[in-house]
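Q: what shape does this take:
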Amino acid sequence: MKFALLGPESTGKTTAALELVNKLEGALVPEVSRDFLKEKGLNYSYDDILEIAKLQFAKEIEISDANPDRIVICDTELISIEIWLEYYEYEVPSWISTYIYQSNYEKYFLFDIDIPWVSDGLRTNEGDRELLLYLFKKKLNYYNKNWELVRGQGEARTLGVLQSIKEVVENSPDE
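A: The predicted structure follows:
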């Protein structure tokens, strides 16, 4: 079973992903853009974003295939890339939209902007968090995805997601 964590920058997705993987003894699909941009810097191009999309897609397949019996937590996925491309007014390749339509996450967790923004050298959209949250909601609804808004402070944020994942697993016909 796969679950995706989405949302604007600095909303606790990576922290939650690491905690969830630990608590669930799951497998993590990391956000590949962080390592890519640490090396490349923030002066990236359209082609760089497409390369990140391909790397993210490949990493997800690699981790999912290597862990067929474990819960897989994706610290982002291609909806984030599609929003990134659209936000900067780039063309979205059809393969990205096709994959999003066909993706098989049990649930998406959209992280709210109810925690403070923290600079880390790679984040650039502090002033646009509200707009980006709106775009994520709109995109999840457009693709008719099963999603839940994640709110709260500290550990409560992760525990809410953990409880929701456990409910999905318990109610799965395969279990």
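
Q: check the offset of the longest helix anywhere in the chain from the chain's centre.
A: The residue-count maximum for a helix in the chain (DSSP state H) belongs to helix 46-66. On the basis of CA atoms, centre = their mean, to the nearest Å, helix 46-66 sits 12 Å off its chain's mean C-alpha point.

Q: next SSE after that helix?
A: strand 72-74 (DSSP states H and E).

Q: give the buried residues for the longest helix of the chain.
A: 49-53, 56-57, 59-60, 63-64 (16 or more other CB atoms under 10 Å). C-betas here are computed from N, CA, C, even on glycine.

Q: packing partners for it?
A: Judged by 3 or more CB pairs under 8 Å, 6 or more residues apart in numbering; DSSP states H and E, helix 46-66 is in contact with strand 27-29, helix 32-40, strand 72-74, helix 78-87.

Q: do you know the pLDDT at the most centrally placed residue in the chain?
A: When CA atoms, centre = their mean is applied to the chain, the residue found nearest the centroid is Thr76 (2.2 Å). Thr76 carries a pLDDT value of 92.
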